[in-house]
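1. How does the following fold in three dimensions:
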Amino acid sequence: MSALRIAHLIESDGPGGAERVVTQLASALQVLEVIHVHGRLPRVPDVPLKYDSVYGPPMQWREWLPAAASQINVVLDTIDREVLERARAAVLQARVLCFLGFAYDTVNLERLNLPRAFQHGRFMPNTYGSACGFERGERRWIKDRFLPASIHLAPMGYTCRRVLRECHIFRD
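-> This next block holds a predicted model:
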């Protein structure tokens with residue numbers, strides 16, 4: 001479902017239109033596989049995170065923090081081989097790749113088998129990416145990492161949300 005279609009549904013669907021759109025989006029998201037190569041945070045506690053000068057933060061938050069830290073991999077941590085294989089397969093099947101909040105580090109790109117997957121010309125998805133905070137020279141460096149394919153980088157000030165809204169990411 002395209003972003004324009006979503007906006008049209010919300011604007012023209014009358015009372016309850018937004019609720020119907022949310023329901024449609026939820027069902028559409030069921031078919032998208034999100035692969036979290038760096039892990040997933042556990043559900044955050046339902047109690048507010050407030051510091052008490054006598055007791056400190058609530059017990060739920062004190063228990064949550066070490067649990068969350070144990071489930072997240074940083075860039076140089078080892079990532080489960082099965083998860084990496086699923087991520088690589090998903091990349092190779094993509095018609096559109098979009099990198100949001102990505103540092104374009106060679107280690108991360110190599111983990112996804114990029115740019116090696118582009119070498120034979122059979123795999124050339126439309127590739128987009130956010131580049132918030134990257135200057136002109138850094139942007140050139142990012143583009144060079146994707147050769148022989150190309151990546152369309154959003155303007156420097158674009159947030160991830162704006163990249164999704166203004167670049168041709170979502171397609172029918």
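2. Let me see the domain layout of the protein.
-> The chain breaks down by automatic domain parsing into domains covering 1-32, 94-166.
3. Report the contact partners of the residue positioned nearest the centre of the chain.
-> Centroid-nearest residue in the chain, with C-alpha atoms, centre = their mean: Leu100, separated by 5.2 Å. Listed by C-beta atoms under 8 Å, 6 or more residues apart in numbering, the contact set of Leu100 reads Gly129, Ser130, Cys160, Val163, Leu164. For the C-beta atoms, the positions are set from N, CA and C on the backbone; glycine is no exception.
4. those helices in this structure, which residues are they?
-> 3-12, 17-29, 59-70, 81-93, 106-111, 136-145, 160-166 (DSSP state H).
5. So Pro57 sits against Tyr51, correct?
-> Yes: look at Pro57 against Tyr51 with C-beta atoms under 8 Å: they come within range, at 5.5 Å.
6. Who has more neighbours out of these two?
-> Each of Pro57 and Tyr51 has its neighbours counted (other C-beta atoms under 10 Å); Pro57 has more, 16 against 9.
7. That one and Cys167, how far apart?
-> 40 Å (C-beta to C-beta, to the nearest Å).
8. do the same with Phe146
-> Distance from Phe146 to Cys167, by C-beta to C-beta: 15 Å.
9. Please work out how many residues are found near Val91.
-> Neighbours around Val91, by other C-beta under 10 Å: 16.
10. thinking it is in contact with Leu112, fair?
-> Yes: between Val91 and Leu112 there is a contact under C-beta under 8 Å: 5.3 Å.
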